[in-house]
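Chemist: 3D model of this:
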Amino acid sequence: MTPYTPPTQDQLLAIRVNAGIEQLAETETFAHAEADLVEAIVEGVGQFAAGEFAPLNRIGDLEGAKLENGVVRLPDGFAEAYQGYVEQGWNAIASPTEHGGQGLPFTLACNVLENLGSANMAFSLLPMLSVGAIEALEHHGSDQQKAMYLPDLVSGKWSGTMNLTEPAAGSDVGALRSTAEPITEGEHAGKYRIAGQKIYITWGDHQLAENIIHLVLARLPGAPEGSRGISLFVVPKYHVNDDGSLGPHNDLRPVSLEHKLGIHASPTCVMSYGDNGECIGELVGQENRGLMAMFTMMNNARINVGNQGVQIGERATQQAIAYATDRVQSARAGSPDKNPVAIIEHPDVRRMILRMKALTEGARALLYYCAGQVDRGTIGNADAKNRSEILVPLLKAWGTDIGVEVAGIGVQVHGGMGFVEETGAAQHWRDARIAPIYEGTNGIQAADLVTRKLGLEGGEAMIALFEEIARDAGDEAGLAALAKDCADIARWMQDEASLDDRLAGSVPFCTMAAVAVAGWQLMKQDKAVAQGAAPSLAETKPVTVRFFLDRIVPEAAGLKAGAMAGADLLYTLPSDKLAG
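Modeler: Next up, the predicted model:
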């Protein structure tokens, strides 16, 4: 596997142009996000990721996490790398200052995770889940809970998890059966006994952090059925004493680790709570409002999972370029020189490499545009908040789809060697394949887009986005036409289509919308580079943007028929005939 080289200049360009970091720095909330600090963070975390996380990527894949005698263990080097991450303060970038964070824009936290994930996606899931736990407790925890848990979560000394899924409750979280019984007497009076089993718990147990703070969904006695009866509880691996020191081990344990296609170094646990009836947790927020509180965490996680598409796309692209540059095979077709050349000289390999670069840079532009809108929403801009709500499913779904596509192209560039594990190209694809599935499948993201997100401001919020893209497109007729098509589909879905029709067309529509936004944001990058921004990208950026606008945008435009085809054909056959 090739080393990781941080794409610092392209990241800085996206942070400045798409996130608008300079405008954020003009606000009181983010006044510390000055240009020199932003550069220092982007360069610093890139160097850290390349030097500490990246060398562990291959060994993490080959050896993986192991459950031995009830303890999850990671390969050598992981503990030291995580300690370096904590000591250098990378976990605290965007966390609240009152709990030890740096209070910087979420945009910069996204960059930390982009670099860590490109270097080692499986390892980066550990801080990614902790960031989500911090946000959930910050918004919904009591003052006492914030004081007890946030400082060590913010520093990274402790890590966090989210526990939703159960054997009988996957996407339908409302079907969960875990319980929470109120405790009325004794030292834990006012708390709850948690009982149940959770599956697919990312970094559910490990030895890298001193404590693990689990956020667990469970039902109180007499709670309403379905999602309206779910409450959220904070359940620490080790009890926390009033002075902040750690007490005895709570009644929870990892039962097993899943044997997965990829991300082998990320321990995906089956967690059991309350085997002995003594798993103690505290209610977070209001009774029966747990799913709302958890969605705070999930929204953050969905952005960060979309980021994983960028991460894997970048790493797979770097590896494919390195191989295509070194691999000599055949003369260039039509060339008078019959000597074999590096395969990067052949037209189809050029096409694959440019596609990888254009898709990855497009997803990065969408990522930082979304992050910038989140930051504006944080400081009270309601329009930006609504826009970020629309962008999240686009980023999560399309971003992870392109991560898989780019990693797959990377295998293709390697030819037969891509199918051989020793090159490492296959690992990128195996690692990427989970991202379209977890934190809400991409089909669920698309469904969210055409239901809840379409309804924002009576549909005007989404249509305003597409109309803005069409206005800004200028001479880019293909991009303008795609944006207009997206607006037309949104109106049709809102005014004429049945719910089944909307859901049947949701995935192609989601792709169209994401490509329109990404192309728009890439166009902004291209204009900025033409005006002197990022001189090191002056030759490459116009080419990748041109490829995206001339080839990716027309492909997306071709999805309109599928987006508006309706659901009738899908239900022409009864289930037994379809299955037969």
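Chemist: For the rest of this, base every contact and every neighbour count on C-alpha atoms.
Modeler: OK.
Chemist: Break down this protein into its strands, ranges please.
Modeler: Ranges of strands within the chain are 66-68, 71-73, 158-163, 179-182, 192-202, 211-218, 231-236, 238-240, 246-249, 252-257, 268-273, 280-284, based on DSSP state E.
Chemist: Grab the nearest non-local neighbour of G410.
Modeler: Spatial nearest neighbour of G410, chain neighbours left out: A320 (5.2 Å); criterion: C-alpha to C-alpha, 6 or more residues apart in numbering.
Chemist: that older thread, show me the one of the strands of the chain that comes nearest A79.
Modeler: With C-alpha to C-alpha as the measure, strand 71-73 is the member of the strands of the chain nearest A79 (9.8 Å).
Chemist: My guess is the residue nearest to G410 contacts V413. True?
Modeler: Yes. Assessed by C-alpha atoms under 8 Å, A320 is found in contact with V413 at 6.1 Å.
Chemist: follow-up on the earlier one: I'd like the strands of the chain written out as TSV, with distance to P3 added.
Modeler: Below are the strands of the chain laid out as TSV (distance: least, C-alpha to C-alpha, whole Å):
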stretch	distance to P3
strand 66-68	26
strand 71-73	25
strand 158-163	28
strand 179-182	47
strand 192-202	26
strand 211-218	31
strand 231-236	37
strand 238-240	38
strand 246-249	39
strand 252-257	29
strand 268-273	26
strand 280-284	43
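Chemist: E314: which of those is closest?
Modeler: That would be strand 192-202 among the strands of the chain, by C-alpha to C-alpha, at 23.1 Å.
Chemist: what's the residue positioned nearest the centre of the chain in contact with, if anything?
Modeler: By C-alpha atoms, centre = their mean, the chain has its centre lying nearest to V305, at 1.3 Å. By C-alpha atoms under 8 Å, 6 or more residues apart in numbering, the residues touching V305 are K396, T400, A435, E439.
Chemist: Can I get the buried ones among those residues as something I can paste into PyMOL?
Modeler: Selection of the buried residues among the contacts of V305 in PyMOL, burial being defined by 16 or more other C-alpha atoms under 10 Å:
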select buried, resi 396+400+435+439
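Chemist: Reformat the contacts of V305 as CSV; add pLDDT and distance to T360.
Modeler: CSV is the format used below for these (pLDDT from 0 to 100; distance: C-alpha to C-alpha, whole Å):
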residue, pLDDT, distance to T360
K396, 98, 14
T400, 98, 10
A435, 98, 15
E439, 91, 21
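Chemist: Spatially, which two of the contacts of V305 are the most separated?
Modeler: Across the contacts of V305 (C-alpha to C-alpha), the longest gap, 11.3 Å, separates T400 and E439.
Chemist: ok, so what distance separates the residue sitting furthest away from the middle of the chain from A557?
Modeler: No residue in the chain sits farther from the centre than P336, which is 48.2 Å out by C-alpha atoms, centre = their mean. In this view, P336 and A557 are 40 Å apart by C-alpha to C-alpha, to the nearest Å.
Chemist: try V341
Modeler: Taking C-alpha to C-alpha, one finds V341 at 36 Å from A557.
Chemist: Over to A530?
Modeler: 27 Å.
Chemist: quick one: which of the two has more around it?
Modeler: A557 (23 against 16; other C-alpha atoms under 10 Å).
Chemist: I figured that one was touching M512, is that so?
Modeler: Yes. Using C-alpha under 8 Å, A557 is in contact with M512, at 6.6 Å.
Chemist: joint contacts of the two?
Modeler: L482.
Chemist: Need the nearest residue in space to L394, chain neighbours excluded.
Modeler: A514 (5.1 Å).
Chemist: again with I552
Modeler: V515 (7.5 Å).
Chemist: Run through the residues that contact that neighbour.
Modeler: If you count contacts by C-alpha under 8 Å, 6+ apart, then V515 has G362, I552, V553, A556 around it.
Chemist: Make sure M356 is actually in contact with V404.
Modeler: No. Contact between M356 and V404 fails when scored by C-alpha under 8 Å: they sit 10.7 Å apart.
Chemist: Tell me which of the two has more neighbours.
Modeler: M356 (28 against 25).
Chemist: how about the residue lying closest to the more buried one once chain neighbours are set aside, what does it touch?
Modeler: Excluding its sequence neighbours, the residue lying closest to M356 (C-alpha to C-alpha, 6+ apart) is V406, at 5.3 Å. By C-alpha under 8 Å, 6+ apart, the contact set of V406 is I312, G313, A316, T317, R355, M356, L359, T360.
Chemist: just curious, which of the residues you listed is nearest to A483?
Modeler: L359 (18.1 Å).
Chemist: and the closest one, what is it in contact with?
Modeler: So L359 contacts G313, I402, V406, F548 (C-alpha under 8 Å, 6+ apart).
Chemist: Is it correct that the last one is in contact with K357?
Modeler: No. At 9.3 Å, F548 and K357 do not qualify as touching, with contact defined as C-alpha under 8 Å.
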